[in-house]
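In: build me a structure from this.
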Amino acid sequence: MPFLAHTPVEKMTGPYARRWWALLVLCLSLLITVMANTSLIVAAPDMTTDLGLSSSDLQWVVDSYTVPYAALMLVLGAIGDKYSRRGALVLGLLIFAGGSVMGSMVDETSLVIVARAIMGVGAAVVMPATLSLVVATFPRSERAKAITAWAATSGVAVAVGPLVSGWLLEDHAWGSTFLINVPIAVAAVFGALALVPPSKAQGMGRIDYVGGLLSIVTVGSLIYAAIEGPHSGWGAGPVTAAVVAGAGLAAFVAWELRHPHPMLDVRKFTLRPFTGAMLAVLFFFFGMFAVIYYATQFLQFVLGYDALDTG
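Out: Numbering: from 1, shown residues only. Just a heads-up that it's a prediction; the model follows:
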């Protein structure tokens, strides 16, 4: 059996023999990108002391990962689907690992924010690629089980991230919460090349780059306004960002309704079950990450818990 998985899924006559091993690699890739959302929060006291972070600085250190992650996921996922899902996965993991290495080595707030943003770009490539590969690799009869395992990985990662971070901070500096990602990402790269078959969307039309750009502007402006508004006041900057987000959303919807191959089919939001499910997911993650962020700071700054107990 060759080391590299080289036969595209679309050319296979039957189910891929090593599909469950491929699922393990895909779940591992997803695991580290989701863990990066929660693991760093436990390191907040150490980072605040070492870097002299203000509350706004800390918010940006945490959310500089989320901004590109959310803003770029749609367009980078579409590019990966069109050209190479496995190639996108490998590239995303390497970008994520590079940002992690940078984050473990720098000692300036601005550079930590840049490192986290690079990690967010990598995660924006990895996350949609993993789901697309799960769907492409598994036959319809097994797809529900595979997607369930993939989705459960996110929940595990949210819980495991603070625990791993707290354990590392018992004996190591906060840079270790970045560095722990590197060997896992490298292992996932080799696993992807060996076990995940190549795949790309068949018959996919031209990528809707205009829609992608509008989605980036909308999501990026909205998140900027949400972060800066409470800290710097709702002055010119945050208000302008909020207005840009609103205008971008209106332009995005108008463009997607008329495009023959939309980046996102907004007509689906006229379906009540779909819209209800999306709103439920939105409020769930909004509440969950808000609780994690503020509860972690309360436990450490107010109650004096150490990193491991907080995790």
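In: same for the helix or strand containing Gly161, what does it pack against?
Out: In the assignment (DSSP states H and E), Gly161 maps to helix 140-169. Judged by 3 or more CB pairs under 8 Å, 6 or more residues apart in numbering; DSSP states H and E, the packing partners of helix 140-169 are helix 19-38, helix 109-137, helix 176-179, helix 272-297, helix 307-310. No exception for glycine: its C-beta is placed from N, CA and C like everyone else's.
In: not counting residues beside it along the chain, what's closest to the residue positioned nearest the centre of the chain?
Out: Closest residue to the average C-alpha location of the chain: Ala123 at 4.2 Å, with CA atoms, centre = their mean. Among residues not flanking Ala123 along the chain, Thr33 sits closest, at 3.9 Å (CB to CB, 6 or more residues apart in numbering).
In: quick one, phi psi at Ile180?
Out: With angles defined as degrees, to the nearest 10, Ile180 sits at phi -60, psi -20.
In: distance-wise, check it relative to Pro197.
Out: Between Ile180 and Pro197 the distance is 29 Å, computed by CB to CB, to the nearest Å.
In: residue contacts, the residue nearest to the centre of the chain?
Out: Contacts for Ala123 (CB atoms under 8 Å, 6 or more residues apart in numbering) come out as Thr33, Ala36, Tyr65, Tyr69, Gly92, Phe96.
In: cool, and Ala241?
Out: Contacts of Ala241 (CB under 8 Å, 6+ apart): Ser221, Leu222, Tyr224, Ala225, Glu228.
In: which helix or which strand is home to the residue nearest to the third one when sequence neighbours are not counted?
Out: On the basis of CB to CB, 6+ apart, the spatially nearest residue to Tyr224 that is not a chain neighbour turns out to be Ala241, at 4.6 Å. When secondary structure is defined using DSSP H and E, the element that contains Ala241 is helix 236-258.
In: which regions of the chain lie under the pLDDT threshold?
Out: Applying pLDDT under 70 to the chain picks out residues 1-14, 230-239, 307-308, 310-311.
In: ok, Pro197 touching Phe138?
Out: No - applying CB atoms under 8 Å as the test, Pro197 and Phe138 come out as separate, 11.1 Å apart.
In: more crowded one of the two?
Out: A count of neighbours by other CB atoms under 10 Å puts Pro197 above the other of Pro197 and Phe138, at 24 against 21.
In: ok, now which ones touch Val253?
Out: Val266.
In: sorry, slip of the keys, the one I care about is Phe269.
Out: Listed by CB under 8 Å, 6+ apart, the contact partners of Phe269 are Thr275, Met278.
In: and for His259?
Out: Asp208, Val210, Gly211.
In: tell me which of those fall in strands.
Out: Among the contacts of His259, none falls in strands (DSSP state E).
In: any of those buried? List them.
Out: Neighbour counting with 16 or more other CB atoms under 10 Å marks Asp208, Gly211 as buried within the contacts of His259.
In: distance to Leu169 added to the contacts of His259, as TSV?
Out: As requested, those are exported to TSV (distance: CB to CB, whole Å):
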residue	distance to Leu169
Asp208	43
Val210	45
Gly211	42
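In: Tyr83: which of the contacts of His259 is nearest?
Out: Asp208 (14.9 Å; CB to CB).
In: quick one, phi psi at the residue lying closest to the closest one once chain neighbours are set aside?
Out: In space, not counting the residues next to it along the chain, Asp208 is nearest to Met263; the distance is 4.1 Å by CB to CB, 6+ apart. Met263 adopts backbone torsions of phi -60, psi -40, taken as degrees, to the nearest 10.
In: show me the contacts for Arg272.
Out: By CB under 8 Å, 6+ apart, Arg272 has no neighbours at all.
In: now do the contacts for Met119.
Out: Ala36, Tyr65, Ile95, Phe96, Gly99, Ser100, Gly103, Asn181.
In: can you tell me how far it is from Val244?
Out: For Met119, the distance to Val244 - CB to CB - is 25 Å.
In: same question, Ala146
Out: On the measure of CB to CB, Ala146 and Val244 end up 39 Å apart.
In: more crowded one of these two?
Out: Ala146 (22 against 17).
In: contacts only, for the residue lying closest to that one once chain neighbours are set aside.
Out: Among residues not flanking Ala146 along the chain, Phe138 sits closest, at 4.5 Å (CB to CB, 6+ apart). Taking CB under 8 Å, 6+ apart, we find Phe138 in contact with Pro15, Arg19, Leu23, Ala146.
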